[in-house]
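Asker: Generate a structure from the sequence data that follows.
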Amino acid sequence: MFGMTRKQFKKKSSQALKDTGPSILLLMEITRKQQKKTIPPEEAKTKLDRIRENVEGVFFNYEKISPPAPYRSLYFKVLRLLTHLQEVVTSNQEYLALGADQQLEESLKLLEEFREEFHSLRREIESI
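Answerer: Predicted structure coming up:
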């Protein structure tokens, strides 16, 4: 069987990022409500668990592809980005467990870093 074409790789990569979009928006909503203290911890935990499951699913599906050799580094960037999103979710879950405002600030910082990385990577994928 032949390897993946550039067009196929671009489509799979774009789809992986697109599939994480709703999770990112939900995570931003949760953190905003946590800052305002308008979301019950149980509700936040349930939503964060759903986000985590979604991100894991996207990661495992994307991990299975076999990118063309010139795009292997971009493939690894997408995998790292998905791992970074998982770290943001975990950080937020730690905030729920500890209840420390410092942990929420750390989670917000990680989320902002992730968003910058996400937009940069999305532009890079669109340009191939």
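Asker: from here on, contacts and neighbour counts on C-alpha atoms
Answerer: Noted.
Asker: From the contact counts, what lies against whichever helix or strand Glu43 is part of?
Answerer: Using DSSP states H and E, Glu43 sits within helix 41-63. Helix 41-63 is packed against helix 6-36, helix 72-98, with contacts defined by 3 or more C-alpha pairs under 8 Å, 6 or more residues apart in numbering; DSSP states H and E.
Asker: between that helix and helix 6-36, how many degrees?
Answerer: Relative orientation of helix 41-63 and helix 6-36, computed by axes from the mean of the first three to the mean of the last three C-alpha atoms, to 10 degrees: 170 degrees.
Asker: tell me the mean pLDDT over stretch 69-85?
Answerer: Stretch 69-85 comes out with an average pLDDT of 97.
Asker: nearest spatial neighbour of the residue nearest the centre of the chain, skipping sequence neighbours?
Answerer: The centroid of the chain falls nearest to Leu85 when counting by C-alpha atoms, centre = their mean (3.3 Å). Once flanking residues are discounted, Leu85 sits nearest to Phe114: 6.6 Å by C-alpha to C-alpha, 6 or more residues apart in numbering.
Asker: For the one you found, give me its contacts.
Answerer: Taking C-alpha atoms under 8 Å, 6 or more residues apart in numbering, we find Phe114 in contact with Leu81, His84, Leu85, Val88.
Asker: export the helices and strands packed on helix 41-63 to JSON lines and tack on distance to Ile128?
Answerer: Formatted as JSON lines, these follow (distance: least, C-alpha to C-alpha, whole Å):
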{"stretch": "helix 6-36", "distance to Ile128": "7"}
{"stretch": "helix 72-98", "distance to Ile128": "10"}
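Asker: so of the ones you listed, which one's packed in deepest?
Answerer: helix 72-98 (a mean of 18; mean count of other C-alpha atoms under 10 Å).
Asker: For the helix or strand following that helix, buried residues please.
Answerer: Heading C-terminal from helix 72-98, the first helix or strand you meet, by DSSP H and E, is helix 101-126. Buried residues in helix 101-126, counted by 16 or more other C-alpha atoms under 10 Å: 103-105, 107-108, 110-111, 114-115, 118, 121-122, 125.
Asker: how far does helix 101-126 sit from the chain's center?
Answerer: Its chain's C-alpha centre and that of helix 101-126 lie 9 Å apart, by C-alpha atoms, centre = their mean, to the nearest Å.
Asker: No further queries at this time; thank you.
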